[in-house]
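Peer 1: Mind looking at a prediction? Sequence and model below.
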Amino acid sequence: MNAMSGTSETEDFPTTFTNAVHGGLDKVLGQSGAAAVLSHMKMTRNLPDPAEFHKKLLALFGEKATLSLERAIVKDLVRRLEWALELLSIEGPFDFSATMLKIQKRAKA
Amino acid sequence: MTTRRNPGLRPLTQADRQGNTAGSGAEDLAETRIATVLGLKQFTQRPVRTLLIKGLAGTGKTIVALEILKAAGKGKGAYISSRVPKELLEAHIPAMKETLDNQDFLDIRLEDATSVLDFVMQLTEPKKVRTIVFDSWDGLAKELDQRERLRAEKTLMALANNSGAQLIFVSEEPGATTIDYLVDGILELLRVEEQDRAVREFIIHKLRGTKIPQHKYLFTLLEGKFTFFGPYAIPDYSKIGKFAQRPDIDESYSFGSGALDRLFGGMIPGSTLAIEYDENVPYSALRTIELPPIINFLSMGRSAILLPLPGANDEGTNSILTKALDETAVADRLRILNVVRTSDLETTNLPKSATPKEIHEIVTRETTRLREKSKDRSVLLVKSVSALENLFASDLDSLLEVTSQEIITLAQSHDAHILFLPKDSPIRSRILSMSSSYARLFVRDGTVLMFGVKPHTGVYALQHLGDPTSPSLTQLV
């Protein structure tokens, strides 16, 4: 899986989301940190639903760091989908799960 | 005890942690363990979660890190080694075997950064591990490029911050690296040369949120344990108890102190011991060497003469002596002759302009008088050269002449002679060349240090850990 690969016409949303998780974590934690987090969460292949992912991140890193990591993932995802980040209000505290759902719905539309 | 070699193979489970619930007695120090080990507990206002211990090979980094790990409590720490396997580390530092046995040990010599970070997550997620030591961090970090290294370090900081665990990074990289900016504290260990002898020193470069009253301290690794020395503290003389007499050591007189006897092997009758001291050595530190031989001589039924150091308070000295001994021994067999005090000159019928020779004559006369009262006719003469130099500044040649005469005369007797000599004494070299033994006192980082030049000894830190009249000497190794 190439974390840096962008979205493409053929890439489905789960794949884009997975790549964005890798990309976002890479940006903050580095390649080894991101790989360690995903390996620790046993999510190297299949990413769980955002709520479970959020819970696991929270257990490892606490609120503030989780917020930073999730924001990095959302930014990466939005970049891959070539959307304007302004459409999502993620500057303050935000609900990762709800945001993901919102993005998924919009991507399907 | 758990020794791990393959962190990536399986996650840690509760069963892996023997003694997990064992109390260490350190629970109340959760936020201040580092400061406690470094002797800074009382100054810590904020938690110190991450510490970098730097220094060249052989400076004691691993022992300091293990002391901090030990303070975490049984089963509540982990040691991650990129250098040596557990068995070798235990062989190198036997005193820390128990600490290593009580904690998780991870051998990561062949592991990559991802496996190590995963292992740290396994340790920190349950929030039970209090301290994790990386020895050495460079061993792993050098394999990463600069950006990746910084991110891995940030990951560790975030994990530590969330779990409350302390991370101790051991490093042999002398210059500042990315981690210097991330950690709460930086400790540098040095091995420096002082008076042709090696001493160990640690420098606190940073300890966030902590007022650092002193940034350099001496320490020793005696018996494989980290012991630091705070600034010299004056003993509490109110705790003086009755003196326990120390018998002669074969043909030598005891110094009245186990520490001094171990250092010099006692005083040979007829010998002169010169104690050279720097101007910043506190008077109470000198007094702790000056008084035990006198107290022991009197306690053994012998006699003593004291020409005190300038600034000495005779009443204070008498008060200490009478607490340690019975008053009659002090009154009958001790003569304190304060040559810079007019009243003493009056009692000896000497004019204010007494010459060195006249003082020498008084000392000789007093020696003869006290010899008759001594159970074996031996007398101890403890003399401050500085007091005499102050008095006879314009006639130092005469002072040297009578002092030499005294040393020669004493050498043919069964008396013992201790001379206190300031480092800048103009007659220093002549006196030292005539002395049979010679010790030196100086101050570094607030700690009073002592070593023997004749005979050659290692460096010892002088403290007052027990009896306030007697010194405690701890070797710096």
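Peer 2: Arrived safely, thanks for sending.

Peer 1: what are the pairing partners of the helix or strand harbouring B:Thr474, and which direction each?
Peer 2: Of the helices and strands defined by DSSP states H and E, B:Thr474 is found in strand B:472-475. Strand pairing for strand B:472-475, determined by DSSP bridges: strand B:459-463 (antiparallel).

Peer 1: on that earlier part again, can you mark which positions in the strand holding B:Thr474 are buried?
Peer 2: Buried positions in strand B:472-475, judged by neighbour count with 16 or more other CB atoms under 10 Å in any protein chain shown: B:472-474. Placement of C-beta: from N, CA and C, glycine included.

Peer 1: repeat for stretch B:268-278
Peer 2: B:268-277.

Peer 1: Name the residue of chain A that lies nearest to chain B.
Peer 2: A:Gly30 (2.9 Å; CB to the nearest CB).

Peer 1: Could you identify the helix or strand that succeeds the one helix or strand that residue maps to?
Peer 2: Per DSSP H and E, A:Gly30 falls inside helix A:13-40. For helix A:13-40, the succeeding helix or strand toward the C-terminus, using DSSP H and E, is helix A:50-80.

Peer 1: That next one: what's the following helix or strand?
Peer 2: helix A:96-108.

Peer 1: Can you tell me which helices and strands that following helix packs against?
Peer 2: Judged by 3 or more CB pairs under 8 Å, 6 or more residues apart in numbering or on different chains; DSSP states H and E, helix A:96-108 is in contact with helix A:13-40, helix A:50-80.

Peer 1: Let me see the domain layout of chain B.
Peer 2: B:2-229, B:237-475 (automatic domain parsing).

Peer 1: Mind telling me which of those the model trusts least?
Peer 2: Of all these, mean pLDDT reaches its minimum on domain B:2-229 (a mean of 81).

Peer 1: State the distance from A:Ile73 to A:Glu52.
Peer 2: A:Ile73 sits 14 Å away from A:Glu52, taking CB to CB, to the nearest Å as the criterion.

Peer 1: who has more neighbours, those two?
Peer 2: More crowded of A:Ile73 and A:Glu52, by other CB atoms under 10 Å in any protein chain shown: A:Ile73, with 25 against 13.

Peer 1: pLDDT below threshold where in chain A?
Peer 2: A:1-10, A:85, A:87-88 (pLDDT under 70).

Peer 1: change it to 90
Peer 2: Applying pLDDT under 90 to chain A flags residues A:1-18, A:42-50, A:78-95, A:98-109.

Peer 1: quick one on the thing from earlier: mind putting the domains of chain B into CSV with distance to A:Ala59?
Peer 2: What follows is the domains of chain B, written out as CSV (distance: least, CB to CB, whole Å):
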stretch, distance to A:Ala59
domain B:2-229, 6
domain B:237-475, 45
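
Peer 1: So which residues on the stretch 51-200 of chain B come close to chain A?
Peer 2: The stretch 51-200 of chain B comes close to chain A at residues B:112-118, B:120-122, B:124-125, B:144, B:147-152, B:154-155, B:158-159, B:161-162, as judged by CB under 8 Å from any CB of the partner chain.

Peer 1: Would you mind measuring from the residue lying closest to B:Asp415 once chain neighbours are set aside to B:His414?
Peer 2: Spatially, and ignoring its direct neighbours in sequence, B:Asp415 is nearest to B:Val379 (4.8 Å; CB to CB, 6 or more residues apart in numbering or on different chains). Per CB to CB, B:Val379 is found 9 Å from B:His414.

Peer 1: Find the closest residue to chain A in chain B.
Peer 2: Counting by CB to the nearest CB, chain B gets nearest to chain A through B:Arg151 (2.9 Å).

Peer 1: pretty sure that residue is in a strand, no?
Peer 2: No: counting by DSSP: H, G, I helix; E, B strand; the rest coil, one finds B:Arg151 to be helix, located in no strand.

Peer 1: residue contacts, the closest residue to it other than its chain neighbours?
Peer 2: For B:Arg151, ignoring the flanking residues on the chain, the nearest one in space by CB to CB, 6+ apart is A:Gly30 at 2.9 Å. By CB atoms under 8 Å, 6 or more residues apart in numbering or on different chains, the contact list for A:Gly30 reads B:144, B:147-152, B:154-155.

Peer 1: do the same with B:Pro282
Peer 2: B:232, B:234, B:448.

Peer 1: Could you double-check that the first one lies in contact with B:Gly446?
Peer 2: Yes: counting by CB atoms under 8 Å, B:Tyr232 touches B:Gly446, with 6.2 Å between them.

Peer 1: neighbour count winner among those two?
Peer 2: Shown here are B:Tyr232 and B:Gly446; by other CB under 10 Å, B:Tyr232 has more neighbours (20 against 16).

Peer 1: Looking at the more buried one now. What's its pLDDT?
Peer 2: For B:Tyr232, the model assigns a pLDDT of 94.

Peer 1: picking that back up, ok, the buried residues of strand B:472-475 vs B:Glu67, which is closest?
Peer 2: Of all the buried residues of strand B:472-475, B:Glu67 sits closest to B:Thr474, with 16.0 Å by CB to CB.

Peer 1: So for the closest one, what's the nearest residue that isn't a sequence neighbour?
Peer 2: Closest to B:Thr474 by CB to CB, 6+ apart is B:Ala461, at 4.9 Å.

Peer 1: Now do the contacts for the one you found.
Peer 2: The contact partners of B:Ala461, by CB under 8 Å, 6+ apart, come to B:218, B:220, B:229, B:447-450, B:473-474, B:476.

Peer 1: Which ones among these map onto strands?
Peer 2: Using DSSP state E, the subset of the contacts of B:Ala461 located in strands is B:218, B:220, B:229, B:447-450, B:473-474.

Peer 1: hang on, the earlier thing: wait, the residue nearest to B:Asp415 touches B:Thr367, no?
Peer 2: Yes: counting by CB under 8 Å, B:Val379 touches B:Thr367, with 5.2 Å between them.
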